[in-house]
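Engineer: Provided below for reference: sequence and predicted model.
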Amino acid sequence: MNFEILAPCGSWESLVAAVRCGANAVYLGTKELNARRNASNFDFDELKKACAYCKKRGVKLYVTVNTLVFDSEMKTAYETVKAAMECGADGFIVQDLGLAKMIRTCFPEARLHASTQCSVNTPDGFKLLEELGFCRAVIPREMSLDEIKEIRKSTDMELEMFIHGALCMCVSGQCYLSAMLGSRSGNRGLCAQPCRLEFSASDKRENALSLKDLSLINHLNEIDGAGVLSLKIEGRMKRPEYVAAAVTACKKAVEGVFREADGHALKSVFSRSGFTDGYFTGRRNDMFGIRQKEDVTAAAGVLKELSHLYDNENPLVPLDLEFICRENEPILLKGSALGESVTATGAIPERALNKPMTDESVKARLAKLGSTPYFPNSINITLDEGLIVPASEINALRREVCEKLGRPEQKSVTALPYEPIGPRIKKGAPYFTARFLRAEQIPKSHPFRRIFLPIGESDGAFIKTGAGVELPRAPFGAEERMKKRLLHLKEIGVKNALCSNAGVYKTAKELGFTPFGDFGLNLTNSEAARRFNSPILSFELTLAQAEKINAEDTGVVGYGKLPLMLTRNCPVKNSIGCEKCGKKGMLTDRKGYKFPVICSDYPCVELLNPLPVVLSDRMSEINTDFVHFYFTDESRDEIEQIVNIYKNQQKSDNNYTRGLYYRGVK
């Protein structure tokens, strides 16, 4: 097996631990625009030092810029990428498709890696990423082995996958729970992890949204057979001992020497009631767990031992040495490693009075590479007879060669200037569009220019209402079934498709539908919004931010119980079963709020906010081109009342929220 072991580094100590324990690559973030903003992270001086440290040891370094970016931050993003490239970063992990476009345009030499936060989970989605200039993509954690194999067939991109670490309940990039509850956005690197708190589907106290940590170290043969290149470890918020344990375990597994004791150390340093491989194997009935007292006490017993794993430099890099010693000429030592060659010269040798140097004595001296990242690969000696040089002189040459190799240098970067897109001035009152969960909710007379129904609604519903089709947000493993259904809907006259996922947007367009961008695309800047037709902008924007997005025909979700989570493992099914739920599932949090759970005949379920966003009395403050209504569990009568208060710009008499439209996210 020939994998890249990719380790998380939230601090310098974790970087050293990762490299010394045998990581082939590391990923880390700068102080801004990364998905772990609460880690120590690296300023630009520290990043330069980190790049030099990794380069000297033959380790790749990838910089995370894997958050959503506002228009006001695009210039900062440009400067971050430029500085990282000048430091020698080997690639950029990116979530935001607008940011990806800017990097691709301004830095044509940059290597783009698509973050799992891109929420792409179908073969067509991976094809799209490749078309957009990505050379690598991170596979969603929720995918099974068979689904990963289908992705491998669809693209020539490098594939990277998480094999160990924390497992979110929500599909990456589709969680708005932390943002909605406390303005700390998971899409912006500040998730507060409210999902780890109590949520119950029954009368019992439960942690229905907390999964065990992922571990696939026992599945490397299958992963290798699926064509995955990079094994990624999660954990930029974790301590160096955790990084050391995880990298060591992965390396041993790749080498075929992983033992039960290694697994015990890995579980002891951090787990939540053990580990799970449920998504990978398709057995999802035992995936839930929390951090318990015994998990914490187990860590205390192994931290000191694990810290010794990275006490000393690990000789990772083969070094070729050539020593030339001729009479009446300065001695010369040439060193070559990682495609780089350097030389050092010393004193002129003397004639030996007693015991002259030999090839063997010189080799023995040059081979002493302890406390360096090098090990001797080949040592060639050219030595005239009868000469001698002090041992200290040879030692000094060896040290000089090792110090010269891999020295940091300012990299010349091809960078085109970036001019931020200015705000677009929109005029006129916004028109209305709507999505309904069921056809019977649609009023006989309504003001909506476009309406949409989920793909699973009956043929008759589409024919009768003239609705477009809302595509699944995460059709894991179901792309072919979805395509077959879409082709049939096209035959019966359906023309429009509402798409919350870049992959299904591509699918709908190629099948001849007019695609429209939905909120799940997470569009927070003008560059990203311009990639899609009539896009519904992210509801993590404020109204002031949304109105400045410079793209054609943009909208905001102006009404609805917003989907806060999209999850492949139904928390209600896990707790009480489908029969008892009867498609009326709820989760109750520790404060008594009830969150509806909406299921689908496609792989994922949605967790809704308890209260709807209502902006009926703030319509004069909405300056996008249209307002979208997201109807879920409302009756037709309720919908008619809702439409009426929006027409008249009246305040609702029911409980509601303004969402994030005025308070925003951090």
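Structural biologist: Done, it's in. Residues are numbered from 1 along each chain as shown.

Engineer: Now do the nearest residue to residue 568 once chain neighbours are set aside against residue 148, distance only.
Structural biologist: Nearest non-adjacent residue to residue 568, counting by Cβ to Cβ, 6 or more residues apart in numbering: residue 142, 4.5 Å away. Every residue, glycine included, has its C-beta placed from N, CA and C. In this view, residue 142 and residue 148 are 11 Å apart by Cβ to Cβ, to the nearest Å.

Engineer: Between the two, which is the more surrounded one?
Structural biologist: Shown here are residue 142 and residue 148; by other Cβ atoms under 10 Å, residue 142 has more neighbours (26 against 20).

Engineer: pLDDT score for that one?
Structural biologist: On pLDDT, residue 142 comes in at 97.

Engineer: likewise residue 358?
Structural biologist: On pLDDT, residue 358 comes in at 96.

Engineer: Kindly report the same for the one 10 residues further on.
Structural biologist: pLDDT, residue 368: 96.

Engineer: Let me know how buried it is, in neighbour terms.
Structural biologist: The number of residues packed near residue 368 is 12, by other Cβ under 10 Å.

Engineer: Over to the one 4 residues further on?
Structural biologist: Each residue near residue 372 was counted by other Cβ under 10 Å, and the total is 20.

Engineer: which stretch of helix or strand covers the nearest residue to it once chain neighbours are set aside?
Structural biologist: Distances taken as Cβ to Cβ, 6+ apart place residue 402 nearest to residue 372, at 4.9 Å, with adjacent residues excluded. Element membership for residue 402 (DSSP states H and E) is helix 391-404.

Engineer: chain center to that helix: distance?
Structural biologist: Its chain's C-alpha centre and that of helix 391-404 lie 43 Å apart, by Cα atoms, centre = their mean, to the nearest Å.

Engineer: Please save the CA atoms from that helix in PDB.
Structural biologist: Taking Å, rounded to 0.1, in the frame of the first residue of the first chain, the C-alpha atoms of helix 391-404 are listed here in PDB:
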ATOM      1  CA  ALA A 391      37.800  14.300  12.400                       C
ATOM      2  CA  SER A 392      36.400  17.600  13.500                       C
ATOM      3  CA  GLU A 393      36.900  18.900  10.000                       C
ATOM      4  CA  ILE A 394      34.800  16.100   8.500                       C
ATOM      5  CA  ASN A 395      32.200  16.500  11.100                       C
ATOM      6  CA  ALA A 396      31.900  20.200  10.300                       C
ATOM      7  CA  LEU A 397      31.500  19.500   6.600                       C
ATOM      8  CA  ARG A 398      28.800  17.000   7.300                       C
ATOM      9  CA  ARG A 399      26.900  19.500   9.500                       C
ATOM     10  CA  GLU A 400      27.300  22.300   7.000                       C
ATOM     11  CA  VAL A 401      25.800  20.100   4.200                       C
ATOM     12  CA  CYS A 402      22.900  19.100   6.400                       C
ATOM     13  CA  GLU A 403      22.200  22.700   7.300                       C
ATOM     14  CA  LYS A 404      22.400  24.000   3.700                       C
END
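
Engineer: Now do the buried residues in it.
Structural biologist: Judged by neighbour count using 16 or more other Cβ atoms under 10 Å, the buried positions of helix 391-404 are 394, 397, 398, 400, 401, 402.

Engineer: try stretch 437-446
Structural biologist: Of all the residues in stretch 437-446, those buried under the rule 16+ other Cβ under 10 Å are 437, 438, 439, 441, 442, 446.

Engineer: how would you label the spatially closest residue to residue 455 that is not a sequence neighbour: helix, strand or coil?
Structural biologist: Spatially, and ignoring its direct neighbours in sequence, residue 455 is nearest to residue 469 (5.3 Å; Cβ to Cβ, 6+ apart). Following DSSP: H, G, I helix; E, B strand; the rest coil, the label given to residue 469 is strand.

Engineer: ok, what's across the strand from residue 469?
Structural biologist: Note on residue 469: beta-bridge partners by DSSP bridges are residue 453, residue 497.

Engineer: Run a quick neighbour tally on it.
Structural biologist: Residue 469 has 24 neighbouring residues, counting by other Cβ under 10 Å.
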